[in-house]
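Novice: any chance you could fold what I've pasted below:
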Amino acid sequence: MTPKVVLVTGVSRFLGGHLAARFAANPDIERVLGVDTEPPPRDLLRRMGRAEFVRADIRNPLISKVISTANVDTVVHASVTANPAGPTGRTVMKEMNVIGTMQLLAACQKSPKVQKLVVKSTSAVYGSSSRDPAVFTEDMGPKDLPSSGYAKDAVEVEGYVRGFGRRRPDVNVTTLRFTNFIGPRIDTVLTRYFALPVVPTVLGYDARVQLLHSEDALAVLERATLHDLPGVYNVGGDGVLLLSQAIRRAGRLNLPVPSMAVPTVGGFFRSARLVDFSPDQMRFLNWGRVVDTTQLKKEFGFTPRWTTQQAFDDYVSGRGLKPFVDPETIAAAERGILDAAARFR
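Specialist: Numbering: from 1, shown residues only. The predicted structure follows:
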């Protein structure tokens, strides 16, 4: 059943803003409201077309008035983020992720008009550790419960969403656990990380990375909103890349760092405002994470257009990343190392 009045949170960022633009282009949707604490960039605001921007803080109980006054029947909570902004960004990020979700769900619970809730979550709820299975399915929990950062926020958010589902069983609730986003247009911690000329990694580790193209992410959120598909779904591209492979495909230099020096290196990149690594993101770069997407394909009815490798290559070509060192030179050096190792066997 196509919704009539849709509210999207987080429209000042890529995902929320472009999603609102897609809904605004759909003539079957009567009204689209985009909510955020700051307006979208001018270009994104133009793309949003007839979507109405509402400057509101979802941490404030007044969000309830916005939902009830507009007779919102579908809420897409796309503002849960892993990207802190500024020196106090992590504190504000947690407040927006956790307290903002609590207030938003309270507002949805009060409104009898709300019939559907779509939540952008993350595969980070599974954590990253040496005890992880080869792939995570939706019914699995983390081997080591995330204790800080975005991953912990997402675990708390999903807990509140489950509680809301029990209190309002009449509402269709869809929770989407996305793998890391990549693409030429989206800005994330990971896209900034791979754009560094010299990419720090943890010595002795080579994480398996599963990615999702940002356009596939938009398509999944749009499908979840336009159709009744309640449940929890892992969302990721087919296949994986080793971290070292991804760095080579981007033409970057790999800088292995001893684990004891990782906090210092992370602090340097944070102070230089290049990349802000949280502890849970550092664990991801150690161990990686891969999810099973069988339910996404069979029950949700969606197969990502881009594989992990294709999505990453599109990011590299779309950003115009030029090899820092000639790929042939790197390949020759790698062949030399392998040949030398073979001789010593």
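
Novice: residue 180 and residue 208 touch, don't they?
Specialist: No. If you go by C-beta atoms under 8 Å, residue 180 and residue 208 don't touch, sitting 11.8 Å apart. In short, each C-beta sits where N, CA and C put it, glycine included.

Novice: between the two, who's got more neighbours?
Specialist: Neighbour count, other C-beta atoms under 10 Å: between residue 180 and residue 208, residue 180 has more, with 24 against 17.

Novice: check contacts around the residue nearest to the more buried one when sequence neighbours are not counted.
Specialist: The shortest distance from residue 180 to any non-neighbouring residue, by C-beta to C-beta, 6 or more residues apart in numbering, is to residue 190 (5.0 Å). When contacts are counted by C-beta atoms under 8 Å, 6 or more residues apart in numbering, residue 190 touches 180, 181, 182, 211.

Novice: widest-spaced pair of these?
Specialist: The most widely separated members of the contacts of residue 190, counting by C-beta to C-beta, are 181 and 211 (7.4 Å).

Novice: packing partners for the longest helix along the chain?
Specialist: The longest helix of the chain (DSSP state H) is helix 149-167. Where contact means 3 or more C-beta pairs under 8 Å, 6 or more residues apart in numbering; DSSP states H and E, helix 149-167 is packed against helix 89-94, helix 100-110, strand 116-122, strand 172-178, helix 279-287.

Novice: tell me which helix or strand in the chain has the weakest average pLDDT.
Specialist: helix 327-343 (a mean of 62; mean pLDDT, DSSP states H and E).

Novice: what's around residue 10, how many residues?
Specialist: 26.

Novice: quick revisit: okay if I get the helices and strands packed on helix 149-167 as TSV plus distance to residue 58?
Specialist: Formatted as TSV, those follow (distance: least, C-beta to C-beta, whole Å):
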stretch	distance to residue 58
helix 89-94	13
helix 100-110	4
strand 116-122	13
strand 172-178	17
helix 279-287	23
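
Novice: tell me which of these lies nearest to residue 295.
Specialist: strand 172-178 (10.4 Å).

Novice: more neighbours: residue 181 and residue 211, which one.
Specialist: Counted by other C-beta under 10 Å, residue 181 and residue 211 do not tie: residue 211 has more neighbours, with 27 against 24.

Novice: measure the more buried one to residue 64 for me?
Specialist: To residue 64, residue 211 is 37 Å away according to C-beta to C-beta, to the nearest Å.

Novice: sorry, back to before: inside strands: which ones of the contacts of residue 190?
Specialist: 180, 181, 182, 211 (DSSP state E).
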